[in-house]
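>>> pasting the structure only:
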């Protein structure tokens, strides 16, 4: 296995700065980037969050914060960044994973068919990285080296979204971004119904949620609209960009309604937060499905590859 890891200048500096800021305890972070061929390109390193547990010999991520920041950072880039790995500091010169680490690494590796990258940082006998590729099931391959430098990246991975395009969208113009060509659209190329029907068979087969009670009975009254907005943002942006659909989001106490059109022409998706199961649900034409961040994009791309 000839696996390479390449850090952007920003990501590399972020790891150094985070380690220095918690010099007396363990700390860590998450990696955003792309896996292309045998190369893992790390574009961003996300800090672990203010509610993390930092101890001399133990560390735990502030998961809600990390997920929030992952979604926000990914939206800044033209290419869709993915969660491709994680890192944390170990005490002394201990540069192998603990049993607790093994569980975390297994969870991250299971998110992608290619597995994940997991890195340890040590300060003894001197500062160093030890990087592993984690396969499925949890198998480790220690990587011999890594590289640092923006010049080593495909430049499209480091490009931010065009602020002028974002301003046009804020001014109510639909922008389609396809194969590097940007056009303003007077009307949507497809309706939201058209798009959902592309993936509806897959949703019905693999993501259906069986209601044991009406949704308003199983969901709490606490406001989860911001959490829902963070989770669905990348999918809404993807559908809007690809199909020229203009959405009208309406945040309510425990749900988010995302609509196209109005009156009799109105098409709605309703996203709910199910606190009991710590999951987001999406309702479409009376059907309820489990939802996770990036679900629509992944299913649409799968169907497009199948020629649909």
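That came through fine. Since we're looking at a predicted model, the values are computed, not measured. Numbers count the residues shown, from 1 in each chain.
>>> give the contact list for the residue lying farthest from the centre of the chain.
Most distant residue from the mean C-alpha position of the chain: residue 125, 35.3 Å away (C-alpha atoms, centre = their mean). By C-beta atoms under 8 Å, 6 or more residues apart in numbering, the contact list for residue 125 reads residue 93. Backbone N, C-alpha and C define where each C-beta goes, glycine included.
>>> is it in a helix, a strand, or coil?
coil (DSSP: H, G, I helix; E, B strand; the rest coil).
>>> determine the longest helix present in the protein.
helix 225-243 (DSSP state H).
>>> what distance do you get for the residue farthest from the centre of the chain to residue 141?
With the distance defined as C-beta to C-beta, to the nearest Å, residue 125 ends up 24 Å from residue 141.
>>> next one: residue 48
Residue 48 is 25 Å from residue 141, by C-beta to C-beta.
>>> check which element follows the helix or strand bottoming out on mean pLDDT in the chain along the chain.
Each helix and strand of the chain was given a mean pLDDT (mean pLDDT, DSSP states H and E); the minimum falls on strand 181-185 at a mean of 41. Following strand 181-185 in sequence order, the next helix or strand is helix 192-206 (DSSP states H and E).
>>> buried sites along that following helix?
Using 16 or more other C-beta atoms under 10 Å as the test for burial, helix 192-206 gives 192, 195-196, 198-200, 202-203.
>>> low-confidence bits of the protein, can you list those?
Applying pLDDT under 70 to the chain flags residues 1, 168-189, 212-221, 307-308.
>>> which residues in it form helices?
For the chain, helices defined by DSSP H occupy the ranges 9-21, 63-74, 99-109, 163-170, 192-206, 215-218, 225-243, 295-305.
>>> isn't residue 60 right next to residue 53, touching?
Yes - Residue 60 lies in contact with residue 53 (C-beta atoms under 8 Å); the separation is 4.0 Å.
>>> of those two, which one has the most company?
residue 60 (17 against 12; other C-beta atoms under 10 Å).
>>> quick revisit: for the longest helix of the chain, buried residues please.
Neighbour count says helix 225-243 has 225, 227-243 buried, by 16+ other C-beta under 10 Å.
>>> give the other helices and strands that that helix contacts.
With contacts defined as 3 or more C-beta pairs under 8 Å, 6 or more residues apart in numbering; DSSP states H and E, the packing partners of helix 225-243 are helix 63-74, strand 174-178, helix 192-206, strand 248-251, strand 255-260, strand 267-274, strand 279-284, helix 295-305.
>>> nearest to residue 132 among these would be which one?
helix 63-74 (20.0 Å; C-beta to C-beta).
>>> need the contact partners of the closest one.
30, 32, 44, 46-52, 80-83, 227, 230-231, 233-234, 293.
>>> list buried residues within these.
Buried, going by 16+ other C-beta under 10 Å: 30, 32, 44, 46-49, 52, 81-83, 227, 230-231, 233-234, 293, out of the contacts of helix 63-74.
>>> please parse the protein into its domains.
As recorded under automatic domain parsing, the domains making up the chain are 4-155, 188-305.
>>> what's the distance between the last one and the middle of its chain?
Relative to its parent chain, domain 188-305 has a centroid offset of 16 Å by C-alpha atoms, centre = their mean, to the nearest Å.
>>> please apply the same query to the longest one.
When distances are taken as C-alpha atoms, centre = their mean, domain 4-155 is centred 14 Å away from the chain's centroid.
>>> just to revisit the earlier point, dump the domains of the chain to JSON lines, plus distance to residue 162.
Listed next are the domains of the chain as JSON lines, based on distance: least, C-beta to C-beta, whole Å:
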{"stretch": "domain 4-155", "distance to residue 162": "8"}
{"stretch": "domain 188-305", "distance to residue 162": "11"}
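>>> can you say which of these is nearest to residue 163?
domain 4-155 (10.4 Å).
>>> count the neighbours of residue 101 for me.
18.
>>> with the one 5 residues further on instead?
The number of residues packed near residue 106 is 16, by other C-beta under 10 Å.
>>> how far away is the closest residue to it other than its chain neighbours from residue 132?
In this structure, residue 106 finds its nearest non-sequential neighbour in residue 138, 4.3 Å apart by C-beta to C-beta, 6 or more residues apart in numbering. Distance from residue 138 to residue 132, counting by C-beta to C-beta: 10 Å.
>>> burial check on the residue nearest to residue 106, number of neighbours?
Here the number of neighbours of residue 138 (other C-beta under 10 Å) works out to 19.
>>> residue 151: how many residues sit nearby?
6.
>>> now swap in residue 137 and tell me
Neighbours of residue 137 (other C-beta under 10 Å): 9.
>>> so what's residue 132 bridging to?
residue 118, residue 142 (DSSP bridges).
>>> same thing with residue 30?
Beta-bridge partners, per DSSP bridges, of residue 30: residue 46, residue 86.
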